[in-house]
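Enquirer: Any chance you can model this:
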Amino acid sequence: MADELLRYRPNFPILERTTYLISNSLGAMPQGVYEALKGYADIWATRGVRAWEERWWMLAAQVGDEIGALMNAPAGSVSTHQNVTTCQAVVASCFDFSGKRNKVVYSDLNFPSVMYFWEGQQAYGARVRMVKTDDGITVPLERLLDAIDEQTLLVPISHVIFRSAYIQDAKAIIARAHKVGAHVVLDTFQSLGTVPVDVQALDVDFACGGVLKWLCGGPGVGYLYVRPDLGKKLQPKFTGWFAHQNPFAFEIGPTRYTDPPFRFMNGTSHIPALEAARPGLKIIAEVGIERIREKSKHQTARLMELAERRGWRVNSPRNAENRGGTVSIDMPEAEEVCRELLRRDILVDYRPKAGVRMSPHFYNKDEELETAITAVDEILTTCGAGAPARRL
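Expert: You can find the predicted model right below:
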C-alpha cells in the first residue's frame, strides 16, 4: 500500500544519501532552511537595525504560536528560549522554595540535564524526591503518584522517556498534582511531533521542549507553554528586557512585567535559530501529528519484531500505546555496532542502559528499517557477537 507521507521525503536532502533513523536526537533538515537563513542574512544586510521593528522583535512570539498550534495551546501562551534547561529555570524562578511546600518530584528516567538543574535548586531550599525505575524502561506510576503530596511544589516530568520511549500517564500525574496543589512541568521534547499532545485537554501547568528533534527545526529553539491563568500572575525572577512592559524605555530598577508570552522571556532572542525552525514546523503542521503517530506505531513495531526475532533485548515498551517514536535495541557490542552503522551512513545513536536507538519518522521508508537491521547482522557476522570492541 502506498505511503502518502513519503511525498514529503524530497524536502529533506540528507535522506538522499543516508538511512536516517535518528530523529529522536536531531530531525532531518528541511530544504527550506537554506532559504530561511538566506532571508535572515538578506534582511540584516539590507535593513540593518530596522530589521528589529520590521520582523525580528515579534519573531519569538510568532514562532511560539506556530509551536503552540501543534499542541493546542492558545495564542500567546508559548514563549521561546534557547533550550529546555532554560525553560525549566524560568519556571523555577516563579516559585519560592523557602516554605514548607518546597518538594520537587520526578523520576530517575528524566533527561539528565533537567535533573542537574533541579538538583542545583536544593541550594535554594528545594527538596528533591527522585522516584526510581524498576526495569530501566518504565516509571512506576503509583510510586510517582504517592510521592506527590501536600508539600510538593513542582513535578517536572518527561512525557516520553528519552532512553526507552515510554509514554508516561501525564493526565494521571497532572490530576494528582492538582489535587494536592502542586504544578506539573511536562517535558514534551520526545513527544511533540510524533505523539499527539494537547496541553488544554491535559490541563497541564507548563510544557516545554525543543524543535531540533521530531519538529525538524534545528538547535537553538526551546519552547515554554504556560497555562494562561498562571501566565497572567506569575512573575519569573529569571527575566530580562524582553519581559518588560516598555522595553525601549530602558528604565532602571525593578521590572514591570508585560503580558505573555514575552512575560516569560528574558534577553535578546536567537533570531537565526527562530528563522531556521519555521520550515520544519510548517511541514509538521501540514503532515499532521495524528498521521505521523500512526506511521510511527507501525514502524517501531516492525523494528521491535526484527530485533526480537534475532534475540536482541529491546528496551522500549512492547505496547504501541505506551511507546513513543523510538526503539532502543541492546544487541551485542551495541556501542561499537552504532559506530560502524554511522560509518556506513546509517544514522542512529547509542545511549547507556538503552542500546542503539532507532527512530523512524514520517519521511522514512519501511525498507530502511530492514536496511538498518540487516547491516547490524552483517557487522555482527563479520566481527562475531561479543567480539572485542577494536574489531568493530
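Enquirer: Point out where the stretch 1-150 of the chain drops to low pLDDT.
Expert: For the stretch 1-150 of the chain, applying pLDDT under 70 flags the ranges 1.
Enquirer: can you pull out the strands in it?
Expert: For the stretch 1-150 of the chain, the strands defined by DSSP state E, counting those that start in this stretch occupy 19-20, 78-81, 103-107, 127-131.
Enquirer: could you dump those to CSV with distance to Val114?
Expert: Heads up, the C-betas are built off the backbone N, CA and C, glycines and all. Below are the strands of the stretch 1-150 of the chain laid out as CSV (distance: least, Cβ to Cβ, whole Å):
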stretch, distance to Val114
strand 19-20, 27
strand 78-81, 14
strand 103-107, 8
strand 127-131, 12
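Enquirer: Out of these, which one sits most buried?
Expert: Comparing the strands of the stretch 1-150 of the chain by mean neighbour count (mean count of other Cβ atoms under 10 Å), strand 78-81 comes out on top with a mean of 29.
Enquirer: Can you list the helices and strands that it packs against?
Expert: Applying 3 or more Cβ pairs under 8 Å, 6 or more residues apart in numbering; DSSP states H and E, one finds that strand 78-81 contacts helix 57-69, helix 84-92, strand 222-226.
Enquirer: Apply 7 Å and report the result again.
Expert: Secondary-structure packing of strand 78-81 (3 or more Cβ pairs under 7 Å, 6 or more residues apart in numbering; DSSP states H and E): helix 57-69, strand 222-226.
Enquirer: right, so of the ones you listed, which gets closest to Ala277?
Expert: Across these, Ala277 has its closest neighbour in helix 57-69 (5.9 Å, Cβ to Cβ).
Enquirer: what does the closest one contact?
Expert: With Cβ atoms under 7 Å, 6 or more residues apart in numbering as the test, helix 57-69 has contacts from 75, 77-80, 211, 221, 223, 225, 261-262, 265, 269, 271, 274, 277-278, 281, 285.
Enquirer: Between strand 222-226 and it, find me the angle.
Expert: Helix 57-69 and strand 222-226 are oriented at 70 degrees to each other (axes from the mean of the first three to the mean of the last three Cα atoms, to 10 degrees).
Enquirer: who wins for proximity to Glu142 among the helices and strands packed on strand 78-81?
Expert: Nearest to Glu142 among the helices and strands packed on strand 78-81 is strand 222-226; the distance by Cβ to Cβ comes to 27.2 Å.
Enquirer: Many thanks, have a good one.
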